[in-house]
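Next come a sequence and a model predicted from it.
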Amino acid sequence: MNNENLKQFANQKYLNIESYRKSGQPVQTPVWFAEEGGLFYVYSLVDAGKVKRVRNNPEIKVAPCDMRGKTKGVWVAARARIGAEAEAKHGHRLLDQKYGLIKRIGNIFSKLRGKKHAVIIIEVL
């Protein structure tokens with residue numbers, strides 16, 4: 001992992017993930033993220049496109065961005081995977097700490113609607 005690649009993500013609220021469809025077409029998605037120990041934690045609905053794309057191809061690119069996905073730094077290569085249950089719980093705790101009340105309210109609505117989440121764990125290369 002390159003520390004220079006990680007510095008640009010410090011104090012950022014959003015991360016743009018570029019994942020790839022089976023056809024190879026890139027798809028960019030701005031998301032909330034939390035960082036710990038050089039790993040980024042992102043949550044999403046289990047059946048979301050980005051989760052499916054990561055399962056099919058873990059090689060992605062990431063860049064810091066604003067809430068609309070406009071990049072605020074350079075794209076860097078990364079590898080993503082879907083976290084196991086304990087890792088997912090840890091990721092949710094980190095995201096809850098970072099995004100506070102808004103994230104926790106979202107958690108309540110998701111639970112009421114019966115929505116299941118996956119946590120994507122990203123390692124910058």
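Perfect, thanks for sending it. Numbering: from 1, shown residues only.

how about the helices of this protein, start to end?
3-7, 49-56, 85-112 (DSSP state H).

okay if I get these as a markdown table plus mean neighbour count?
Any C-beta I mention is one placed from the backbone N, CA and C, and that applies to glycine too. Shown next, in a markdown table, are the helices of the chain (neighbours: other Cβ atoms under 10 Å):
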| stretch | mean neighbour count |
| --- | --- |
| helix 3-7 | 11 |
| helix 49-56 | 18 |
| helix 85-112 | 14 |
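
looking at the ones you listed, which is closest to residue 30?
Closest to residue 30 of the helices of the chain is helix 49-56 (Cβ to Cβ; 10.7 Å).

about what we covered before: would a markdown table of the helices of the chain with distance to residue 33 be doable?
Putting the helices of the chain into a markdown table (distance: least, Cβ to Cβ, whole Å) gives the following:
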| stretch | distance to residue 33 |
| --- | --- |
| helix 3-7 | 12 |
| helix 49-56 | 12 |
| helix 85-112 | 8 |
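
so who does the residue most central in space within the chain touch?
The centre of the chain sits closest to residue 42, judged by Cα atoms, centre = their mean, with a distance of 2.9 Å. Contacts for residue 42 were tallied using Cβ atoms under 8 Å, 6 or more residues apart in numbering; they are 15, 17, 31-33, 91, 119-120, 122.

Of the helices of the chain, which is nearest residue 21?
Counting by Cβ to Cβ, residue 21 lies closest to helix 49-56 out of the helices of the chain; the figure is 6.3 Å.

hang on, residue 8 packs against residue 64?
Yes: with contacts counted by Cβ atoms under 8 Å, residue 8 reaches residue 64, the gap being 5.5 Å.

Just want to know which of the two has more residues nearby.
Neighbour count, other Cβ atoms under 10 Å: between residue 8 and residue 64, residue 64 has more, with 21 against 17.

ok, the more buried one to residue 110 distance?
Separation of residue 64 from residue 110 (Cβ to Cβ, to the nearest Å): 26 Å.

ok, now residue 28?
Between residue 28 and residue 110 the computed distance is 24 Å (Cβ to Cβ).
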